[in-house]
Each structure stands twice: as structure tokens, then as C-alpha cells.
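**Student:** how would this look folded up:
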Amino acid sequence: MSNPTGPTINDIVNLSDLGNFLKDALLKAMSNPGQTPKTLCLDPSLRAVLKTVLRKNDLQEALKPAGIRGIQSLVDDGNKERCVLYVVRSSMSLMKNLAVQIQKDAAAGRKVYVHMVPKKTIACQLMLEDYNVLKHLSAEDQFCDLELDLIPVESDFLTMEMDYCFREIALGGDYTCLKHIALSLMKFQAFFGYFPVIRGKGRFAEKVAENVQRMKTEIGSQIHSGVIPEVHQLYIFDRECDLMTPMLQQRTYSGILDEIYALESQMLKPPYEVSEDEALNEATFHLTEQDPIYRNLRGVHMTNLPDEIKTIVNNVKQQIDEKERVKQSKDITQTHMFAKKVKSIKEEKGLSAVHMSIFQEVQKWSNNQVNLNEMEAFMVDGIEKENVFAYLEECIYSAVPLTKVLRLVCIYSLLCGLNSQKYAFLRTLLVHNYGIQVLLTLDNLEKLGIIKPNTSNVVSGAGTAAMSMIRSVKNTFMPQRREHSDDEKKDISFAYGGWAPPLVKLAELVVMGKLQWNSMEGELQKYPGPTFGGNEEDKEDTSSSTRVVMLFFVGGITHSEISAIRFLKEQVQARDVEEGIETKLIIATTKIITGTSFIESLYGSLR
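**Tutor:** Here you go, the predicted structure:
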């Protein structure tokens, strides 16, 4: 399999060390207790996570050495072995189902073990105690933490796969996940040295930084004082600083795949045939840089995909023709050299066919988004507001999926403004077409300021700050958006067809050295929330020719934002050549999100 062009971040910060540690920890947890055989009862949201950590698509086969003989969902009542392992998230919503299953297992005389990801919480323990099942987990090894937190997915990207992090902190006021983020960053520092500089923007980002600093003080910095820091700067950004970008339709290949298929841990099993090869039709594809075709396509704008696909197919065809030419020439030296490429050529041929099939489905989907994309462009440009509102009404009357409608309502509110009269009208339409429970979701969106009618109570003034930031950033960064085609890779706005994601723009200003972090004026003040970490310049090592910067996004990041940051990396590399330095970026987040998954995480419930 071919490598990415140029050196990877692993040449400097080898994230695979952390990945191997997590894999070993997972296998050790599955192997304990030594009693075999065992049945694994799994929180469904963790199945893809375990596959990512183990780097295997066949979970059953990967866990066989640990004595696992069957894998079931948490709520399944199938046949179980005498020893049962539960692996669940430390979420209160799962505790009732977990307690029911433990009671059934105890009544059947089974030995039960529970591993909570990433850590068990007091709230979960209290709930299990209320359900009277803690007595069945009395041994120390029967109720344990399974610290699958910051998981390396690619050489420059890590994720914690925390589905409801933003909801918990912004709506529920539960900061437990912020502590988990801080703990994961402490583990990261145990591998790669302490961060000399920690800066960031946003109230939740600041709480993470405060937790990290407190933990460093408690542990004592002298423990790692002899470890040379491999990451020189950590910037923590808060999703609350930009609630607009996730609502927009993504325009890059990776983002569109997530919009269509709701990828879990970047895994895709297409619901249609992708190849004449039956094995490929049954396969689950892990969409990372290890797939050379996906690596070349992931950051490509939709309108440029046909040309890129054509180029890839032609390159594969040329390699196959070259193979036949070498075979017929009977030149021993050439045949021997080419034999080393045969496996990768065969693999790329199969993957090119897969992505060609996927692209055809993507194109069909994209053709159905033309009107939506036009309406989004009108809202970004601040024009045709009445036409957009009429389109929004039509979507509701046509029973378009609720998440799609709510995304449009959020964009309209943030960019065009939504007066009380229009909002009352929309609320009535939504209730009539989607049911009374939609009011709870609208209430949540109002509290966060994503929907901001003229009169509403907003949590901590987030809505006013969010709207102010959106308009300020729009006026600063958007005027040049029509000077080039929206799909042209001239700047970071290509990822959203002309919209420059504000948090990526902030990262650009930081990485390109255009921003004085502790300035009380300038771009930082356009973003809501506190700014922290402005007095650490003296800690930076300016003598090194290599600088590694980690960007952590609390509350999630989209695939298209990641593509924009990777484009930014290319721009930085061009600058570095002139200045004789080298800058590497690591991206980390609590979760890869789409507008749909973000809205769904904020749904209200009548239960």
C-alpha cells in the first residue's frame, strides 16, 4: 500500500505508540478474568470504536484469543456463556438496561463483569445501586474502567468518540466529559511530554485547560521533566464558538459520505454492490489514509470529484498495462522489481472500483441537493431571504426529514435573523407536521442560541454572542468568497462552497502567526467566550526547526473542517520552505459530527 506524499506526522510524533497502548489495554481487559469461554455484551455505539482500536473489521475473530466466544448487543437475550462481560459507556441512559441484564444473569448463575468507557462515574454507580445490582459486582475486578479515550485514527487525527459531549456540557451542565478530555490529554502527555503552551477559546475549552493544569500540579511536573515535549503547542477550541458551520451541507468527499451514511468511527459498509468481487461487496471499509484512493479523494470538492476519479482510474489502468508490458518483455530485472508492486496494484484496482461505485451514489445524492445548496448560498450572502423562507415552508409541508428542516431553520436564524412572528409561524407548522415533541428540541436549540428569535431566554448569552460572532466573521472573511469558484482550492472556504469555517480560520491565524494571542483587540474578540493562555511565550522553544501544533475541538468537528485544516497544512508547508522551518498539525476532537448528528444529539424527549 502506497504511503502519503511527503513525511507524515508519525515521523515526528508517533501516534501509533498510543494506539498500540490502547489496543493492549483493550485485549487485557477482555482477557480478564481468565475464565473462558466468555460472552461479550456490547453497547452498540462502541462496536465501531472497538474495531478501530483493534484495527480489525471482524470483532469476533479479533477477540477470540481473549476467550470471547460470542458478541451480543447490550439488550439481547440470546444464549450466554457462564461468564459475561459488559462493555458500556458511562451513560446514565444505559444503566436501566444494564441493570436488567445483570439481574437476569445473576438469576441464571452467571458471573458478571462490567467495564465502563472511558471511566465509571458516581452517577452511574448510584443508579446501579438503586437498581440493587451492585451486590453482583462486589469483586474489585468486576466493575472496572476501560480507558478508551483519545483514539488515533490516522497519523494526524485522534477522536474520543463521545456522541453526546456537547449536549451534556451545554444543555445538561454535566462537565464529566470535560474531565475525561483532560484525563485523555494527560495520558497523551505521558507519551509525548508536557505541552509547553496551552491556549484556547471558549468557556468549555477553558475548563478543560484548567483541569489539565490542576492535574499537572497534583501529579507534579517533575515526573516528566526529563521528557522533551514532542508537541509544542496545544490549542483548545470550543464548538460553542461556532454553531453555524455544522449546520451547512458539507462539500468535500469525506464530508458528503458522512452526510449520507452517518459513518461510525469512519467505517462504511455500502448498502449496495460496489464490485464484481463478492469479498468487496461484503467488506466494511475503514475510510482512513490507509486507503490510498480515499486518501486522495477525501478533501476534494464535489464538483471536482469526476475529474479526480477519472485520473485515479487512468492511473490504475496505466499500472495494469505496465504490468502486462513487463510480463511480456520477460526482462528478469524489471519483472522482479514490478513483482513488489503487484499486491498494491491489485488492492488499488479493487478500491478504485469501490470508490467509483460510491461516487455514483454520491452524485445521485448531490443532484438532489441543488436547491438546498442554492438556498444556503443565498443565506450566506444575505440575499433572497423571502425566497429562502418560502423554501423552508415548502420543506415542512413536504415532510422533509426533521433534521434537514431544523438545520435550515438554524442557518436562517443565525444568518438572516428570525423575528418572533415568523418563528411562531414555523413552530406551528413544525408541530402540525412533526408532532408536539419537536417543541422540546426547538427549546433546546433556543437555549443554545442556535435558534435566536427576537425574544427568548438563552443560556449564558450564548445566542447573542454566537450571532454577533457569525456576522462579524462573515463581514471579515466572506467578501472575497466570490472572487473564485466556490469549489476552487484557493483558501479554506472551498470545504463549504465559499463559507470559511470560523474555527478553522482561527486556527489559520494561529498557525500562520498572524494573531497576537493575548491581544484584547482583533480577531479573537469576534469569537464568544473567554480567551486563555496568552502569557506563555517564554515557555516556547524557538530554537527548534520543527514545530508541532495540536488543535483540539471540544464538542466536535466536521469532516469538511478537517479537510480545510489539512489544506491549511499544505499552505503552512509552502511557507515553511521559505522560512527554513517545519510545522506539523495534529487534529483531535471529542467526535466527528454532521449537522444531522449534531441536531439529533440535541433532540428533546417526552419520556
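
**Student:** which of the helices and strands in the protein ranks last by mean pLDDT?
**Tutor:** Using mean pLDDT, DSSP states H and E, the weakest-scoring helix or strand in the chain turns out to be helix 462-477, at a mean of 55.

**Student:** tally of neighbours for Glu276?
**Tutor:** For Glu276, the count of nearby residues is 9 (other C-beta atoms under 10 Å). Every C-beta, even on glycine, is put in place using the N, C-alpha and C of the backbone.

**Student:** in the stretch 351-500 of the chain, which spans are helices?
**Tutor:** Read by DSSP state H, counting those that start in this stretch, the stretch 351-500 of the chain holds these helices, from start to end of the chain: 370-381, 385-397, 402-415, 420-434, 438-448, 462-477.

**Student:** assumed Cys41 was part of a strand.
**Tutor:** Yes. Cys41 sits within a strand when classified using DSSP: H, G, I helix; E, B strand; the rest coil.

**Student:** dig out what it forms beta bridges with.
**Tutor:** Gln72, Tyr86 (DSSP bridges).

**Student:** and the following helix or strand past the least confident helix or strand of the chain, what other elements does it pack with?
**Tutor:** Reading on from helix 462-477 to the C-terminus, the next helix or strand found by DSSP states H and E is helix 502-511. Packing partners of helix 502-511 (3 or more C-beta pairs under 8 Å, 6 or more residues apart in numbering; DSSP states H and E): strand 233-238, helix 462-477, strand 546-554, helix 559-579.

**Student:** let's see 6 Å
**Tutor:** helix 559-579 (3 or more C-beta pairs under 6 Å, 6 or more residues apart in numbering; DSSP states H and E).

**Student:** who does the next helix-or-strand element following the helix it packs on pair up with?
**Tutor:** For helix 559-579, the succeeding helix or strand toward the C-terminus, using DSSP H and E, is strand 582-589. Its sheet considered, strand 582-589 pairs with strand 157-159 (parallel), strand 546-554 (parallel) by DSSP bridges.

**Student:** can I get the ones you listed in CSV with mean neighbour count?
**Tutor:** What follows is the strands paired with strand 582-589, written out as CSV (neighbours: other C-beta atoms under 10 Å):
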stretch, mean neighbour count
strand 157-159, 23
strand 546-554, 23
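
**Student:** distance to Gly299 and mean pLDDT added to those strands, as a markdown table?
**Tutor:** What follows is the strands paired with strand 582-589, written out as a markdown table (distance: least, C-beta to C-beta, whole Å; pLDDT from 0 to 100):
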| stretch | distance to Gly299 | mean pLDDT |
| --- | --- | --- |
| strand 157-159 | 13 | 97 |
| strand 546-554 | 16 | 94 |
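
**Student:** of those, which approaches Ala123 most closely?
**Tutor:** Minimum separation from Ala123 across the strands paired with strand 582-589 (C-beta to C-beta) falls at strand 546-554, 20.7 Å.

**Student:** buried deepest among the helices of the stretch 351-500 of the chain, which one?
**Tutor:** Among the helices of the stretch 351-500 of the chain, helix 402-415 has the highest mean neighbour count (mean count of other C-beta atoms under 10 Å), at a mean of 23.

**Student:** helix 370-381 and that one, what's the angle between them?
**Tutor:** Angle of helix 402-415 versus helix 370-381, following axes from the mean of the first three to the mean of the last three C-alpha atoms, to 10 degrees, is 20 degrees.

**Student:** can you list contacts of helix 402-415?
**Tutor:** Helix 402-415 is contacted by residues 244, 247, 379, 392, 395-396, 434, 450-452, 470, 595-596, 599 when judged by C-beta atoms under 6 Å, 6 or more residues apart in numbering.

**Student:** and of those residues, the nearest to Gly173?
**Tutor:** Checking the contacts of helix 402-415 one by one against Gly173 (C-beta to C-beta), the nearest turns out to be Ile450, at 17.3 Å.

**Student:** what residues are up against the closest one?
**Tutor:** By C-beta under 6 Å, 6+ apart, the residues touching Ile450 are 243, 410.

**Student:** any idea how far it lies from Glu259?
**Tutor:** 18 Å (C-beta to C-beta, to the nearest Å).

**Student:** next one: Thr558
**Tutor:** The value you get for Thr558 to Glu259, if C-beta to C-beta is used, is 9 Å.

**Student:** identify the contacts common to the two.
**Tutor:** When C-beta under 6 Å, 6+ apart defines a contact, the residues bordering Thr558 and Glu259 alike are Gln250.

**Student:** neighbour count winner among these two?
**Tutor:** The neighbour count for Thr558 versus Glu259, taken as other C-beta under 10 Å, is higher for Thr558 (29 against 23).

**Student:** thinking again about what came up before, quick one: closest of the strands paired with strand 582-589 to Gln189.
**Tutor:** For Gln189, the closest of the strands paired with strand 582-589 is strand 546-554, at 10.5 Å, according to C-beta to C-beta.

**Student:** now do that closest one against helix 559-579, angle only.
**Tutor:** Using the same axes, to 10 degrees: strand 546-554 against helix 559-579 is 160 degrees.

**Student:** give me the contacts around strand 546-554.
**Tutor:** With C-beta under 6 Å, 6+ apart, strand 546-554 has contacts from 12-13, 204-205, 231-238, 507, 582-590.

**Student:** off-centre distance for that strand?
**Tutor:** 15 Å (C-alpha atoms, centre = their mean, to the nearest Å).

**Student:** in PDB, list the C-alpha atoms belonging to that strand.
**Tutor:** The C-alpha atoms that make up strand 546-554 are tabulated as PDB, following Å, rounded to 0.1, in the frame of the first residue of the first chain:
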ATOM      1  CA  THR A 546      10.300  21.800  13.800                       C
ATOM      2  CA  ARG A 547       7.100  22.900  15.400                       C
ATOM      3  CA  VAL A 548       4.200  20.500  16.200                       C
ATOM      4  CA  VAL A 549       0.800  22.100  17.000                       C
ATOM      5  CA  MET A 550      -2.200  20.200  18.300                       C
ATOM      6  CA  LEU A 551      -5.700  21.500  17.700                       C
ATOM      7  CA  PHE A 552      -8.400  20.100  20.000                       C
ATOM      8  CA  PHE A 553     -12.000  20.700  19.200                       C
ATOM      9  CA  VAL A 554     -14.400  20.300  22.200                       C
END
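
**Student:** and the gap between Leu402 and Asn433?
**Tutor:** Counting by C-beta to C-beta - Leu402 and Asn433 are separated by 9 Å.

**Student:** let me fix that: Thr252
**Tutor:** Thr252 is 32 Å from Asn433, by C-beta to C-beta.

**Student:** then Asp141?
**Tutor:** Using C-beta to C-beta, we find Asp141 at a distance of 52 Å from Asn433.

**Student:** could you report the neighbour count for Asn518?
**Tutor:** 14.

**Student:** now swap in Pro229 and tell me
**Tutor:** A count of neighbours around Pro229, defined by other C-beta under 10 Å, yields 18.

**Student:** how about it, secondary structure?
**Tutor:** Under three-state DSSP, the three-state class of Pro229 is coil.

**Student:** that one against Pro196, yeah?
**Tutor:** Yes. Pro229 sits in contact with Pro196 when judged by C-beta atoms under 6 Å, with a separation of 5.4 Å.

**Student:** and the closest residue in space to Lys591 that isn't next to it in sequence, backbone torsions?
**Tutor:** Leaving aside its sequence neighbours, Lys591 sits nearest to Gly556 (C-beta to C-beta, 6 or more residues apart in numbering; 4.6 Å). Dihedral pair for Gly556: phi 120, psi 160, per degrees, to the nearest 10.
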